[in-house]
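Here's my sequence, what's the structure:
(one chain, ligands or ions: 1)
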Amino acid sequence: MIISVASGKGGTGKTTVAVALARSINYCQFIDYDVEAPNASLFLKPDIKYIKKVTIRQPYFLTNTDKSFKRCADFCHYNAVASIGDEVVFFSELCHGCGGCILVGPEGAVREKDVEIGEISKGFCPPGINFLMGNLKPGNMRTPTVQNELEKNIEYDNHVIIDCPPGTSCSMVMSVKNSDFCILVTEPTPFGLNDLMISVDVLKNLKIPFGVIVNRFGIGNDEVLNYCKNNNIKIIAKIPNDLNIAKYYSKGLSLIDFDPIWKNKFNDIISEIEKEVLKK
Ligand code: SF4
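Residues are numbered from 1 along each chain as shown. Coordinates of the predicted model:
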């Protein structure tokens, strides 16, 4: 069973919930899909055993051939190539590695090479969490390529907890698309409600069952609760707004370290989700 933990808005406590779920089960695979800013390792402290570089094929231009690369610049939809006279400027961060400029450019003058864009790391957290994370190199825009590499390593026969990137863009869709169930973490504020509504639309379109955990319960107003009630969306749990939880978080400790009662609560949440998934 794959449970993803997502949130339309960043900073709502998504990683807090994902880590608490993993620590409750203790025997699972945990995947940090937030490859642009992975931080779950700060809380799970895995012993990293294996790192694989993620590369893409990118062009390079033989500029001493007196050939024009204007057709490459005209072709590139991502504006990764600019041609000024017989000069060519290549913006590697914008290149999507489609290979088009090699096909349309002067024969033999555009070649390809492997370029590293990030890495995936595998580790272990006792007693039984297989940890996997992706890390995109700063300034790079190939988030889905690193996430694709993570997807190849999903342990489908294990319990899998996925910590998604914030928002509702392609990288979030990539992270939730294999889920049996998605937990949306939000906070009871106008921003939290707005971004929750967008996330709900995405999950409905993807036909992925979901429920909501309200974090920092006690701040803001009742609009998130009312929205969930009016739309028949299950609120799975409410995590109180407690300065001590934030203090634990700042020390790299989890909700379960703060109060072991959360271990039972998250175990119950997983059992409920399992029942719901099996019903379908
Ligand atoms: S490989 Fe594709 S994306 Fe990259 S520079 Fe060439 S045409 Fe543009």
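
What are the boundaries of the helices in this protein?
14-25, 41-44, 70-75, 100-104, 143-151, 170-176, 190-206, 223-230, 243-250, 255-258, 261-279 (DSSP state H).

Let me know which of those is the nearest to the ligand.
Proximity to the ligand (C-beta to the nearest ligand atom) singles out helix 100-104 among the helices of the chain, at 3.2 Å. Glycine gets a C-beta too; all of them are placed from N, C-alpha and C.

Mind checking the pLDDT average for the closest one?
For helix 100-104, mean pLDDT rounds to 95.

repeat for stretch 170-189
Mean pLDDT, stretch 170-189: 96.

For it, buried residues please.
Judged by neighbour count (16 or more other C-beta atoms under 10 Å), stretch 170-189 contains these buried residues: 171-176, 179-189.

and what of stretch 58-67?
For stretch 58-67, using 16+ other C-beta under 10 Å, the buried residues are 58-59, 61, 67.

and the ligand, which of these contact it?
When contact is defined as C-beta under 6 Å from any ligand atom, those meet the ligand at residue 59.

mind checking pLDDT for the residue lying farthest from the centre of the chain?
Each residue of the chain has a distance to the centre, and by C-alpha atoms, centre = their mean the biggest one is for residue 66: 44.6 Å. The predicted structure scores residue 66 at 80 on the pLDDT scale.

Leaving out sequence neighbours, find the closest residue to it.
residue 86 (6.7 Å; C-beta to C-beta, 6 or more residues apart in numbering).

The one you found and the ligand: what is the separation?
Going from residue 86 to the ligand by C-beta to the nearest ligand atom, to the nearest Å gives 18 Å.

just to revisit the earlier point, among the helices of the chain, which is the most enclosed?
helix 14-25 (a mean of 26; mean count of other C-beta atoms under 10 Å).

now that one and helix 261-279, what's the angle there?
Using axes from the mean of the first three to the mean of the last three C-alpha atoms, to 10 degrees, the direction of helix 14-25 lies 90 degrees away from that of helix 261-279.

same for helix 14-25, what does it pack against?
If contacts are counted by 3 or more C-beta pairs under 8 Å, 6 or more residues apart in numbering; DSSP states H and E, helix 14-25 sits against strand 2-6, strand 27-32, helix 41-44, strand 160-163, strand 181-186, strand 210-217, helix 255-258, helix 261-279.

who in the stretch 1-150 of the chain is up against the ligand?
Selection of the stretch 1-150 of the chain residues close to the ligand by C-beta under 6 Å from any ligand atom yields 59, 75-76, 78, 80-81, 95-101.

so can I have JSON lines of those residues showing distance to residue 23?
JSON lines is the format used below for these (distance: C-beta to C-beta, whole Å):
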{"residue": "59", "distance to residue 23": "45"}
{"residue": "75", "distance to residue 23": "50"}
{"residue": "76", "distance to residue 23": "46"}
{"residue": "78", "distance to residue 23": "41"}
{"residue": "80", "distance to residue 23": "43"}
{"residue": "81", "distance to residue 23": "48"}
{"residue": "95", "distance to residue 23": "40"}
{"residue": "96", "distance to residue 23": "38"}
{"residue": "97", "distance to residue 23": "38"}
{"residue": "98", "distance to residue 23": "42"}
{"residue": "99", "distance to residue 23": "44"}
{"residue": "100", "distance to residue 23": "47"}
{"residue": "101", "distance to residue 23": "48"}
